[in-house]
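1. Build the 3D model from these lines:
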Amino acid sequence: MAQFALALLLLGLFSNGVLSVNDRLREVFNWRQVDFVFPDQQTRQQAINNREFIQANNMPLGLEVWRNRLFITVPRWKAGVASTLNYINLDSNNKSSSPSLIPYPNFENNLLSSNSSERIVSVFRINVDECDRLWMVDTGLADIWGEANQVQTPKLLIFDLKTDKLIRQYTFKADDMKPDSFFANVLADTTKETCNDAYAYIPDLGAYGLIVYSFATNKSWRVKHHYFHFDPLAGNYHVGGINFQWTDGIFGVALSAVKEDGFRTLYFHPFSSTREFSVSTRIIQNASIASDSYYEFKVLGSRGPNSQASGSSLDEKTGVLFYTQVNKDGIGCWNSNRFADEYSADTNALVVSDSITLEFPNDLKVDNNGNLWVLSDRLPRFLYKGLDTNDVNFRIFNAPVVDLVKDTVCEVQQ
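-> Residues are numbered from 1 along each chain as shown. Reported below is the predicted structural model:
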């Protein structure tokens, strides 16, 4: 009997090529609490004294990679966030596994008390395009002593990473937003040849819409569709021993490689949903037809029960779409090249799962070198219970895409 039970256990562990521990991702950084590189120790102490820096209230959420920089966002969920947009120098001689975050582009622009027109209030997720530009939405929301305040109107910010200069600042129009709007993600769409004709896609998870922005015309428009809404049967979550319910709509967005017609496929999903959808960027880039082309939006299929996902990222070289699996403490994948017309639980795989190190995988990105980067942050504990500062709470991992999907249904065909 004992041998039979062991065999069943092993079968469960190794099904679909997945171990119940994090055996495929390499842990690069981890923190009990994050700290920042202040201009000097006096400034840091003054921020603590003024409660402008409350270390326990700082939680990393989004990440992106450009050359030797690993960007990390720290939204102002709670009071006392020292800097919302930051980076780590991956080439630093300081090989600490828990490095302090360096404010970007500088400390002053990240101060909530700053009067600068280039002040950054609160950023969730960010995206680097092929033209070496960093795109983000500043939500303008900040917790000030226990209350969320709309400090400024949400705006799109674009930095030139070669000069670290803000090159575009676009404030969203009144008709871009609804009372429940919330912009927690952004995805840039361009090639090296079309830098001046780029687009950005900004999901509105709270009011179930998609904002499209044109860099060439410096204009934005709102797209409506039923598929942007949450699934009422998929709004229940169990993470880290905490049960909660969310109604987040369209959230994860990812792009295919450029197709023969010059456009891409936008893959998207609501957070509180188990389904994936798609639409050609040819449709959403045309403001006059984007909201009146119902049948151009496609239902790809369902990943199966409890497969709610936040962020997603597609590796153009292999066609593999990665996404977080928050209810499963893991990362999932689907090979869009192998299964272009088949999206189901059978064609998706859970490539890694770990209830300790991957408790609430919040964001992920594929870099230009074919590596997947993942950030986990125990967000539900942070929001509803509070984090144990004696335990490791935040982690960043990476691994080559081809290694992650090996021996799974997402494996890259040579």
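2. Helices of this protein, start to end?
-> Applying DSSP state H to the chain gives helices spanning 2-14, 41-49, 281-284, 379-384, 401-404.
3. rank these by mean pLDDT and give me the bottom one.
-> Sorting those by mean pLDDT places helix 2-14 lowest, at a mean of 38.
4. pLDDT below threshold where in this protein?
-> 1-21, 414 (pLDDT under 70).
5. Let's see that with 50 instead.
-> Applying pLDDT under 50 to the chain flags residues 1-20.
6. Dump stretch 298-317 to CSV, keeping only the CA atoms.
-> Extracted in CSV, the C-alpha atoms of stretch 298-317 (Å, rounded to 0.1, in the frame of the first residue of the first chain):
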residue,chain,number,x,y,z
LYS,A,298,-12.6,36.0,-30.9
VAL,A,299,-13.0,33.6,-28.0
LEU,A,300,-10.0,31.3,-28.0
GLY,A,301,-11.1,29.0,-25.2
SER,A,302,-10.8,28.2,-21.5
ARG,A,303,-7.7,27.2,-19.5
GLY,A,304,-9.9,25.2,-17.1
PRO,A,305,-11.1,25.7,-13.5
ASN,A,306,-9.2,28.1,-11.1
SER,A,307,-6.9,29.4,-13.9
GLN,A,308,-7.4,33.1,-13.3
ALA,A,309,-4.4,35.1,-14.6
SER,A,310,-3.1,38.6,-14.1
GLY,A,311,-0.2,39.5,-16.4
SER,A,312,0.8,37.8,-19.6
SER,A,313,3.7,38.1,-22.0
LEU,A,314,4.4,36.5,-25.4
ASP,A,315,7.8,35.4,-26.7
GLU,A,316,7.8,36.3,-30.4
LYS,A,317,10.7,34.0,-31.2
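7. Number the residues from 46 up from this point.
-> That works, and once the first residue is 46, the last one we named lands at stretch 343-362.
8. How far does it sit from its chain's centre?
-> 13 Å (CA atoms, centre = their mean, to the nearest Å).
9. Distance of residue 349 relative to residue 88?
-> 50 Å (CB to CB, to the nearest Å). Yep, even glycine has a C-beta here, placed from its N, CA and C like the rest.
10. What of residue 280?
-> Distance from residue 280 to residue 88, by CB to CB: 43 Å.
11. and these two? which has more neighbours close in?
-> residue 280 (17 against 14; other CB atoms under 10 Å).
12. I'd guessed the more buried one sits against residue 294; true?
-> No: counting by CB atoms under 8 Å, residue 280 stays clear of residue 294, with 10.5 Å between them.
13. Tell me which residues touch the residue nearest to residue 418 when sequence neighbours are not counted, please.
-> The shortest distance from residue 418 to any non-neighbouring residue, by CB to CB, 6 or more residues apart in numbering, is to residue 443 (4.7 Å). Contact analysis of residue 443 by CB atoms under 8 Å, 6 or more residues apart in numbering lists 70, 71, 73, 416, 417, 418, 419.
14. likewise residue 173?
-> 109, 110, 111, 116, 179, 180, 206, 233.
15. which residues does the last one form a beta bridge with?
-> Just to be clear, that refers to residue 233. Under DSSP bridges, the beta-bridge partners of residue 233 are residue 245.
16. what sits against it?
-> Residue 233 makes contact with 172, 173, 174, 178, 180, 243, 244, 245, according to CB under 8 Å, 6+ apart.
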